[in-house]
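# can you look at this prediction? I've put the sequence above it.
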Amino acid sequence: MRHGDRPWDTLAVMPRSVLWFRRDLRLADHPALSAAHELGDVVPLFVIDPVFVRTAGAPRLAHLAAVLRALDDEMGGALVYRHGDPVDVVPALAAELGVDHVFVTRDHGPYGRARDAEVATRLAADGRSLRGVGSNYLVDPGTVTKAVGSPYAVFTPFSKVWRPLAEARRASRPATPSVSDVSWVGAPTVRCDGPFDAVPVGVALPPATAAAAHEQWDAFVSDGLDDYDERRNLPGVPGTSRLSPALRWGVLHPAQLADDLGPSRSHDVFLSELAWREFYADVLLRRPDTARVNLNPKMDVMVVDTDAAARVRFERWATGTTGYPIVDAGMRQLVATGWMHNRVRMITGSFLVKDLHLPWQWGARHFMRHLVDGDLASNSHGWQWVAGTGTDAAPYFRVFNPTGQSERFDPSGEYIRRWVPELADVPGGSVHQPGLLRPDAYPAPMVDHALERDEALVRYRSMGVPIR
DNA sequence: TTTTGAGTTGTTCGA
DNA sequence: GTCGAACAACTCAAA
C-alpha cells in the first residue's frame, strides 16, 4: 500500500476490531472470532512476518499461501495483508482504523509470546488492547499441573489429567457465527504481494481449504480410524489422518477432531496423539529454551560431533544418501513433499543422533525448514525424545535398528521403492538389506549400524553421571 | 511417610 | 522362531 493511501476512509461502516490471524486460519470453532464479532464489524488481518519467511522452506511457504488464499476466499476477499514486524505493523493498523481492540487466538510458543507481549504493550500505550481468546489446543498449555502446582515431565500422568479437561473443552465451546453474519471489513486495494507470490509449487500440498480438510478427516474416520492402532506405524499405507498441517495452521481445531472420537482402542490411540501434541506445547511453554537446549541438563556432557567430518555426514543424511534404504526414503519424502511419516521420523532421527552422533538440533532445524506441519514444540521435543535428552522416561539404550525397523514396518518394501527409485527393481524383502543393493546405482551404507550403536552406548555410559 | 510399579513407539542375547 | 531377561535407574501417583 502506498503511503497516504487510506482505503478505510471510503468505507461505509466503521470496524470495531481487528482479528489478527496467526495459527488459527479458519472461521469455524474460533473463539477469538466469536468474541470479535460480538463487538461489531471486524477487519481480518494477516501479517507476513519476515522472521517466518526467512526460516521457512518452499513447501511450507507455498502451503501457507494456499491456506491464506482459501481463508480469504471464504471471507469474500476481505483479508488484509501487511508485511513487516508485527510489533510495528499491528499497532499501526489499529491506529489507522481507530479500533480499540485487536483480537487474537493466544499463541503459546516462545517467539509468539514475546511478540504478543510487545504488541500488547505498544497497543496499551495508545489506549488500545490486545485480547487473547482461546488457543490452538483442547487444553491451554500451562493449565495441566500436578497437585503441588508444578508441571509434568512425563506424558502418561499428564494425559490422565489432560483427558477430562479436554473432554470439557470439546463439549462446551462458543457458537460459531455463520460466515454471512460476520461483517468483514476488508480493503480491496491491499493485496498479498511479496514473497508469497514467488513461491514455487511443485509438490502435492495438504488440503488448504477448511472444506477439504474436513473431507479428508471424514474419509479417515470412515476408512482408517478404526485400524489406526495398527496401521499408523506402516509408512507404506495410508494409515494416518495426515492432518498435521491443518492442525499446525489451525485450519482445523483439535476439538473438531475429538468430536468424532469414540471409546474404541484405535480412537483412544488417536486421542493420545492429540494429547502428545498438547503435552509438548505445555513443556515448551514452561521451558521455552528447550527448543534449543536439552530438557535434561545432565545430558549436556554427552559428546556429539560437530567438526567438518560431522557436517559431511549430516549432508548425506539430509540428502537421503546414507545407504540405509528406509532412512533415505524418509529423507527424500521430506524434501520432496514437506512431510514424512511419523514412524520414519523416529527412524531417521535415531539414525542422526545414534548412528551419526550428531546434535539433535541439526536434525530438528532441517525438519523445521522442510516440514509443512513443522511445529516448534512437537518437533523440538520429538527430537529430544529420540535423542534421550527430553521427556522420555525410558533409558538411553533404546537405539533404533534401521534395518530391523524397515523389515518390521515396511515389510513389502513398498514405501522404500516409492521414494528411492533406484531400488524400484529390487524384489521383495531384499530391499531392506543395505550393502547388498545395486552397488552400481545405490550407495553402500555410510556406517556400520552395529558398530555405531556400540559407540552411542559407550558415549552415554561414559557421561559418568546419572542419566536423569 | 515410604514403598511400589508403570512408563508411546527398542534391541540383543541366550535358552 | 519365540520368549524372557538384561540393558540401568528417573518420575509420578497410588497404595
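Everything's here; your move. Numbers count the residues shown, from 1 in each chain, chains lettered A, B, ... in the order given.
# please, which helix or strand holds the residue nearest to A:D410 when sequence neighbours are not counted?
Nearest-residue entry for A:D410: A:G236, 5.1 Å, with adjacent residues in sequence omitted and distances by CB to CB, 6 or more residues apart in numbering. The C-beta positions use only the backbone N, C-alpha and C, and glycine is treated the same way. Counting by DSSP states H and E, no helix or strand carries A:G236.
# what is the neighbour count of A:G236?
18 (other CB atoms under 10 Å).
# check contacts around it.
A:410, A:412-415, A:418 (CB atoms under 8 Å, 6 or more residues apart in numbering).
# please redo it, this time with the cut-off set to 10 Å
The contact partners of A:G236, taken as CB atoms under 10 Å, 6 or more residues apart in numbering, are A:329, A:341, A:409-418.
# now A:L225
A:217, A:219, A:231-232, A:239-241, A:257, A:260-262, A:264, A:266-267, A:269-270.
# returning to what we had before: so of the contacts of A:G236, which ones are in helices?
Using DSSP state H, A:329, A:409, A:414-418 are the members of the contacts of A:G236 that sit in helices.
# okay if I get those as TSV plus neighbour count and distance to DNA strand C?
Converted to TSV, the ones in helices among the contacts of A:G236 look like this (neighbours: other CB atoms under 10 Å; distance: CB to the nearest atom of the strand, whole Å):
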residue	neighbour count	distance to DNA strand C
A:A329	29	25
A:F409	18	16
A:E414	13	21
A:Y415	24	22
A:I416	25	22
A:R417	20	24
A:R418	16	27
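# so which of the residues you listed comes closest to A:V144?
Minimum distance to A:V144 across the ones in helices among the contacts of A:G236 is 31.5 Å, recorded for A:F409 (CB to CB).
# spit out the contact partners of the closest one.
So A:F409 contacts A:233-236, A:326, A:341, A:343-344, A:346-347, A:415 (CB under 10 Å, 6+ apart).
# farthest-apart pair in those residues, please.
Using CB to CB, the two most remote members of those are A:G236 and A:M346, lying 15.6 Å apart.
# what residue ranges in the stretch 251-400 of chain A score low on pLDDT?
A:393-395 (pLDDT under 70).
# returning to that earlier point: relative to DNA strand B, how far out is the residue nearest to A:D410?
A:G236 is 16 Å from DNA strand B, where distance means CB to the nearest atom of the strand, to the nearest Å.
# can I get stretch A:72-86 in CSV, CA atoms only?
Taking Å, rounded to 0.1, in the frame of the first residue of the first chain, the C-alpha atoms of stretch A:72-86 are listed here in CSV:
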residue,chain,number,x,y,z
ASP,A,72,-9.5,-15.0,2.1
ASP,A,73,-12.0,-16.6,-0.4
GLU,A,74,-14.2,-17.7,2.5
MET,A,75,-14.3,-14.1,3.6
GLY,A,76,-15.1,-12.8,0.2
GLY,A,77,-11.7,-11.4,-0.4
ALA,A,78,-11.6,-9.2,2.8
LEU,A,79,-8.4,-10.5,4.3
VAL,A,80,-5.9,-7.6,4.8
TYR,A,81,-2.2,-8.5,4.4
ARG,A,82,0.6,-6.4,5.9
HIS,A,83,4.3,-7.1,5.6
GLY,A,84,6.8,-6.5,8.4
ASP,A,85,7.4,-6.9,12.1
PRO,A,86,4.0,-7.3,13.8
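# check which residues of that stretch are buried.
Using 16 or more other CB atoms under 10 Å as the test for burial, stretch A:72-86 gives A:72, A:74-75, A:78-83, A:86.
# among those, which are in strands?
Residues of the buried residues of stretch A:72-86 located in strands (DSSP state E): A:80-83.
# can you list the domains in chain A?
A:7-134, A:136-174+A:210-286, A:290-460 (automatic domain parsing).
# re the thing from before, which ones among the contacts of A:L225 also lie next to DNA strand B?
Contacts with DNA strand B are made by none of the contacts of A:L225, judged by CB under 7 Å from any atom of the strand.
# make a PyMOL selection of the buried ones in those.
A single PyMOL command selects the buried members of those (16+ other CB under 10 Å):
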select buried, chain A and resi 217+231+232+239+240+241+257+261+266+267+270
